[in-house]
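*Asks:* Any chance you could fold what I've pasted below:
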Amino acid sequence: MEQIYTIPVNEAFEASAADPSLGCPFCRLYNSLEQDELDLILGASMMEPDVRIRTNELGFCRDHFAMMLRRPKRLPLALILESHLAEQYKSLGRGAAFPGRAGENAAKKYAALEKSCYICSRIEYNFTRMQETAALLWENDEAFRQKTAAQPLFCLSHFAGFVAAAKERMARRDFADFYRVLSEQQGAYMEKLNADVSWFVKKFDYRYDAEPWGDAKDAPERAVTFLSGRLHEEPDTRREN
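*Replies:* Numbering: from 1, shown residues only. All right, here's what the predicted structure looks like:
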């Protein structure tokens, strides 16, 4: 059931199944969406009035500000920042008839701004659709079920999202089969990861000094990636003024 909207999902699952070092396929999809949004906001979308209104209002999170700063072309970012800063300047309420109320409103607005991001909101909308597409594919495409079973892992956050999307859309029997496959797959990975982390800890006990490391040397790194995802990975960029 190959459709245009299923192609990115299929490609990510195929890549991670072929090369386990790539990790969670949903992390790959997230990072791809992120790069597309960065390209758009510093390119064609930057001068669109409706987009600028949203970026003035929402701003960007720390991660996405940092990623934009690493991009070669910095003039588009400066133009976005110019109007965004002007919008925030208005919120100060300088010279207001009731300074106390103006200060309270400004504090609330800036506190909310810290938790908002134009790029995050765009990614979240599209990423949710991708997880729904993956659930639909699993229900209707036997080949995709095999790709899912061949995944090295799903990071915990994306595992939760995938399960939630499947629960929302699948018949009860299909969901039961789906969760049995995914939970066994995740359980096997978690059991091995936990054993590796435990062995990493034991290797700092002198009694185990002569024992081989096995797969435990990078166990903390793998555990953090599993627990928090492998997000915000980007191609190398060259900074230019």
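
*Asks:* Go through the one helix or strand in the chain whose mean pLDDT sits lowest and flag the buried ones.
*Replies:* Within the chain, no helix or strand scores below helix 99-113, which has a mean of 81 by mean pLDDT, DSSP states H and E. Across helix 99-113, burial judged by 16 or more other C-beta atoms under 10 Å covers A102, A106, K109, L113. C-beta here means a position set from N, CA and C on the backbone, and glycine is covered the same way.

*Asks:* Could I get the contacting residues of F162?
*Replies:* By C-beta atoms under 8 Å, 6 or more residues apart in numbering, F162 lies in contact with F26, Q131, A134, A135, F154, L182.

*Asks:* Buried ones only from these, please, as a PyMOL command.
*Replies:* In PyMOL syntax, the buried subset of those is picked out as below (16+ other C-beta under 10 Å):
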select buried, resi 26+131+134+135+154+182
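
*Asks:* Make a markdown table from the contacts of F162 and add pLDDT to it.
*Replies:* Below are these laid out as a markdown table (pLDDT from 0 to 100):
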| residue | pLDDT |
| --- | --- |
| F26 | 98 |
| Q131 | 97 |
| A134 | 97 |
| A135 | 97 |
| F154 | 97 |
| L182 | 96 |
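
*Asks:* nearest to A176, of the contacts of F162?
*Replies:* Proximity of these to A176 (C-beta to C-beta) peaks at L182, which lies at 11.1 Å.

*Asks:* The closest one and L153 touch, don't they?
*Replies:* No - if you go by C-beta atoms under 8 Å, L182 and L153 don't touch, sitting 10.6 Å apart.

*Asks:* before we move on, back to that, now go through the contacts of F162 and say which are in helices.
*Replies:* Under the assignment DSSP state H, the contacts of F162 contribute F26, Q131, A134, A135, L182 to helices.

*Asks:* Rebuild these as a markdown table, extending it with distance to Y5.
*Replies:* Shown next, in a markdown table, are the ones in helices among the contacts of F162 (distance: C-beta to C-beta, whole Å):
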| residue | distance to Y5 |
| --- | --- |
| F26 | 16 |
| Q131 | 12 |
| A134 | 11 |
| A135 | 13 |
| L182 | 22 |
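
*Asks:* Report the contact partners of the residue nearest to C24 when sequence neighbours are not counted.
*Replies:* Of all residues not flanking C24 in the chain, C155 sits nearest, at 4.4 Å (C-beta to C-beta, 6 or more residues apart in numbering). Residues counted as contacts of C155 (C-beta under 8 Å, 6+ apart) are G23, C24, F26, C27, T225, F226, L227, S228, G229, R230.
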